[in-house]
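In: Below are the sequence and a predicted model; questions follow.
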Amino acid sequence: MHFTRCGNSDCHRPFQVNSFVVGPDMAGRTGRICCPHCGFAMAADHGVMFLSHPLSAEEEADFERAHPADASLHPSLAYPPSMREFRVAGVR
């Protein structure tokens with residue numbers, strides 16, 4: 001489980017992401033992290049299924065205090081290291 005921000009410049013809201021390694025029979029559902037607020041899809045590891053969940057109002061406020069958005073950077077500063085390349089690349 002980790003937390004990230006939406007890559008959509010109109011949204012930028014934080015959310016929780018859970019990841020699961022899946023077999024080839026689930027290939028059509030892998031490789032995308034979708035924002036639960038606006039539906040924006042971000043490219044990710046193609047061998048992993050990601051489930052996203054909105055934060056409660058209190059959790060979102062806590063996240064904003066700990067990780068304020070910086071408009072000069074891509075909105076997500078919380079990607080795990082294996083996904084940092086997608087902060088700039090966006091959806092493939």
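Out: Yep, that arrived. Numbering: from 1, shown residues only.
In: C-alpha from now on. contacts and neighbour counts both.
Out: Fine.
In: State the mean pLDDT of stretch 60-75.
Out: Mean pLDDT, stretch 60-75: 74.
In: Repeat that for stretch 23-38.
Out: The model assigns stretch 23-38 a mean pLDDT of 82.
In: What is the distance between the longest helix that the chain contains and the centre of its chain?
Out: Across the chain, the longest stretch assigned as helix under DSSP state H is helix 57-66. How far helix 57-66 lies from its chain's middle: 16 Å, per C-alpha atoms, centre = their mean, to the nearest Å.
In: so what secondary structure elements neighbour that helix?
Out: If contacts are counted by 3 or more C-alpha pairs under 8 Å, 6 or more residues apart in numbering; DSSP states H and E, helix 57-66 sits against strand 14-21.
In: Straight-line length of stretch 45-64, end to end?
Out: 26 Å (C-alpha to C-alpha, to the nearest Å).
In: re earlier: buried residues of the longest helix of the chain, list them for me.
Out: Across helix 57-66, burial judged by 16 or more other C-alpha atoms under 10 Å covers 60, 63.
In: got a list of contacts for that helix?
Out: 14-15 (C-alpha atoms under 8 Å, 6 or more residues apart in numbering).
In: Send me stretch 18-32 as CSV with only the CA atoms.
Out: Extracted as CSV, the C-alpha positions of stretch 18-32 are listed here (Å, rounded to 0.1, in the frame of the first residue of the first chain):
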residue,chain,number,x,y,z
ASN,A,18,-2.7,-1.2,-3.3
SER,A,19,-0.8,-3.4,-5.7
PHE,A,20,-1.1,-7.1,-6.4
VAL,A,21,1.1,-9.3,-8.7
VAL,A,22,-1.2,-11.3,-10.9
GLY,A,23,-1.0,-14.0,-13.5
PRO,A,24,-1.3,-13.7,-17.3
ASP,A,25,-5.1,-14.3,-17.2
MET,A,26,-5.5,-10.8,-15.6
ALA,A,27,-3.2,-9.0,-18.1
GLY,A,28,-6.0,-6.8,-19.4
ARG,A,29,-6.5,-5.3,-15.9
THR,A,30,-2.8,-4.5,-15.1
GLY,A,31,-0.4,-1.7,-15.7
ARG,A,32,-2.7,1.3,-14.8
